[in-house]
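*Asks:* Everything below, folded, please.
(one chain, ligands or ions: 1)
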Amino acid sequence: MSTSRYRTRSNFLTPEVAFEIADTIGTPCYAYDLATLKKQAEAALAFPNAYGLTVRYAMKAAPNAAILKLFHSMGLHFDCSSIFEVQRAMAAGVPPAHCSLSSQELGEGFEKLVEQGVKINCCSLLQVEKFCAKCPAGKELGLRFNPGVGSGGTSKTNVGGPSSSFGIWHEYADKCSEMVKAAGCKVVRVHTHIGSGSDPAVWRRCTGMSIALCEKFPEVTVLNLGGGYKVARMRTDKGTNLQTDCAVVKDEFEQFSSKFGRKLHLEIEPGTFLSANSACLVASVHDIVQTGTDEGHTFIKLDAGMTDVLRPSLYGAQHPIVVVPRDASRASKRKSYVVCGHCCESGDLMTPAPGEPETLSERMLCEAVPGDVVVIEASGAYCSSMSTKNYNSFPEAPEVMIVDNKVHVIRKRQVVEDIWKNEVDLPAGVIAK
Ligand SMILES: *Cc1c(COP(=O)(O)O)cnc(C)c1O
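*Replies:* Residues are numbered from 1 along each chain as shown. Down below sits the predicted model:
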């Protein structure tokens, strides 16, 4: 069998390791690659900058402690999107001062985190009001702005512009300034994040608008440009080259410095860029069904689905799919399939038309039979962390880290009883009455 034929796009999962995972740990199982995570982190740490850089991992992309510890050891800091993510990062050994919180919901008790050193970027006027009310005078805060433009791979991942609720609308900058001044607090960071999978041209325009917001806040020392750096999942995708596509950032910071005499420190918050192509989902063919010759299809039913990789069903996102046959003699046979998941939901689809989660499309794959392994690639970002976990009471899949072709479990498969362990019986007699 030619091994290279089934190598994943990210080139880390050999058929041998895929079968080892399937046969010893079982499917479905997420497999992360340490070398790819490291390589991406190194590329992010080399982001063009003029006066210093902090890379924050947007941990909502894939928050397993093994990944947090790896990035912490490499000097990355963390972007947390809820106070629970802050707690999770701290439980993995991340110092509070390395966490920044930009949240749609500024949860109860945030002021205690501020006391411990967590940095807060207020994302609405109410959040500014809460910060000023709960934190003592002199405390430093950041402001997340909606700069008025957005860009994302889909409307669901676009988080800037007038149709987006994320961040403080840029026209309220002066109002924020007054509120913060009245409370005796200090705005030291400006933050923008306009979307995941952004178009580099829009992203560059946003950089200019973000830096302009720093003019309004004389005490700002840090500009955080968020995440959203697009990666190539499919062969035809074009990913972001941070060195060339983002070189303009360095120039903008230098121009700002020569105009205003302030050397701003740059922060970026990649999630996708660090993790998307650093993992795949190892699943199995559970069944194969046909729906007639007229308008029918041949469906591969996986033992995984939206419970593990939701992005295709949610966005019509495209993930490379590789069938790894148990019998190598089938390796050269090709067949067109619709690949679907195991949930009782026709939208549980791995092969939607691009950007159209409602529309079936077929993929030319290696001919498959039940028991073959199927690898869903580019499943490192917003898959394990963003799925319809436990729907149909399927237990949460395990996670492994691959290091030099060795498989290390970093999360065990959920035991089924854990799914209902928080349920509480009604008092006796309530139902019988
Ligand atoms: C989600 C998010 C990110 C990361 O986005 P990616 O597209 O995964 O790079 C960064 N910053 C904030 C505030 C976010 O909400």
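
*Asks:* Going by C-alpha atoms from here, please, whenever you check contacts or count neighbours.
*Replies:* Noted.

*Asks:* mind listing the helices for this structure?
*Replies:* 15-20, 34-45, 65-73, 83-91, 110-116, 125-134, 173-183, 200-215, 242-245, 248-260, 272-275, 311-315 (DSSP state H).

*Asks:* Would you agree Tyr337 is in contact with Ile300?
*Replies:* Yes - using C-alpha atoms under 8 Å, Tyr337 is in contact with Ile300, at 6.5 Å.

*Asks:* Settle it for me: which of those two has more neighbours?
*Replies:* When neighbours are counted by other C-alpha atoms under 10 Å, Tyr337 and Ile300 differ, and Ile300 comes out ahead with 24 against 21.

*Asks:* beta partners for Lys335?
*Replies:* Leu365 (DSSP bridges).

*Asks:* How about Val55?
*Replies:* Ile268.

*Asks:* Distance check, it against Ala44.
*Replies:* To Ala44, Val55 is 7 Å away according to C-alpha to C-alpha, to the nearest Å.

*Asks:* Met364 now?
*Replies:* For Met364 relative to Ala44 (C-alpha to C-alpha), the value is 34 Å.

*Asks:* same for the longest strand belonging to the chain, what does it pack against?
*Replies:* Ordering each strand of the chain by length in residues (DSSP state E) puts strand 279-290 first. When contacts are defined as 3 or more C-alpha pairs under 8 Å, 6 or more residues apart in numbering; DSSP states H and E, strand 279-290 packs onto strand 29-33, strand 298-302, strand 373-376.

*Asks:* Point out the most buried one among those.
*Replies:* strand 29-33 (a mean of 28; mean count of other C-alpha atoms under 10 Å).

*Asks:* now what about that one, what contacts it?
*Replies:* Residues outside strand 29-33 that contact it (C-alpha atoms under 8 Å, 6 or more residues apart in numbering): 12, 21-22, 278-283, 379-380, 384, 397-403.

*Asks:* rewinding a little: of all the helices and strands packed on strand 279-290, which one is nearest Ile211?
*Replies:* strand 29-33 (35.8 Å; C-alpha to C-alpha).

*Asks:* so the closest one versus strand 279-290, what angle?
*Replies:* Angle, strand 29-33 to strand 279-290, by axes from the mean of the first three to the mean of the last three C-alpha atoms, to 10 degrees: 140 degrees.

*Asks:* Point out the residues in the protein that sit beside the ligand.
*Replies:* 58, 61, 102, 193, 196-197, 226-229, 269-273 (C-alpha under 6 Å from any ligand atom).

*Asks:* one step back: export the helices and strands packed on strand 279-290 to JSON lines and append columns for mean pLDDT.
*Replies:* Formatted as JSON lines, the helices and strands packed on strand 279-290 follow (pLDDT from 0 to 100):
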{"stretch": "strand 29-33", "mean pLDDT": "98"}
{"stretch": "strand 298-302", "mean pLDDT": "98"}
{"stretch": "strand 373-376", "mean pLDDT": "96"}
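
*Asks:* Quick one: end-to-end length of stretch 175-194, please.
*Replies:* 22 Å.

*Asks:* any idea of the mean pLDDT in that stretch?
*Replies:* The average pLDDT for stretch 175-194 rounds to 95.

*Asks:* Can you name the residues that contact the nearest residue to Lys412 once chain neighbours are set aside?
*Replies:* Counting by C-alpha to C-alpha, 6 or more residues apart in numbering, Lys412 lies nearest to Pro398, which is 4.8 Å off, once chain neighbours are set aside. With contact taken as C-alpha under 8 Å, 6+ apart, Pro398 is in contact with 28-30, 409-414.

*Asks:* Separate out the buried members of those residues.
*Replies:* Judged by neighbour count, with 16 or more other C-alpha atoms under 10 Å as the criterion, the buried members of these are 28-30, 409-411, 413.

*Asks:* and the nearest residue to His98 once chain neighbours are set aside, bridged to which residues?
*Replies:* Leaving aside its chain neighbours, His98 sits nearest to His77 (4.9 Å; criterion: C-alpha to C-alpha, 6+ apart). For His77, the beta-bridge partners under DSSP bridges are Arg56.

*Asks:* what's the spacing between His77 and the ligand?
*Replies:* 12 Å (C-alpha to the nearest ligand atom, to the nearest Å).

*Asks:* And for Arg326?
*Replies:* 35 Å.

*Asks:* I'd guessed that residue sits against Val374; true?
*Replies:* No - between Arg326 and Val374 there is no contact under C-alpha under 8 Å: 10.5 Å.

*Asks:* who's in contact with Leu365?
*Replies:* Counting by C-alpha under 8 Å, 6+ apart, the residues that Leu365 touches are 321-323, 334-337.

*Asks:* Ranking by neighbours, what's the top pick from those residues?
*Replies:* Those, ranked by neighbours (other C-alpha under 10 Å): first place Ile321, 23 neighbours.

*Asks:* Any idea what the closest residue to that one other than its chain neighbours is bridged to?
*Replies:* Leaving aside its sequence neighbours, Ile321 sits nearest to Ile376 (C-alpha to C-alpha, 6+ apart; 4.8 Å). In this entry, Ile376 is beta-bridged to Leu281, Ile321, by DSSP bridges.

*Asks:* and if you look at Arg144?
*Replies:* Beta-bridge partners recorded for Arg144 (DSSP bridges): His191.

*Asks:* Could you check how far it is from Asp245?
*Replies:* For Arg144 relative to Asp245 (C-alpha to C-alpha), the value is 23 Å.

*Asks:* These two: who's more crowded?
*Replies:* Between Arg144 and Asp245, counted using other C-alpha under 10 Å, Arg144 has the larger neighbour count: 27 against 16.

*Asks:* The more buried one contacts Gly167, doesn't it?
*Replies:* Yes - in terms of C-alpha under 8 Å, Arg144 counts as a neighbour of Gly167; the distance is 4.9 Å.
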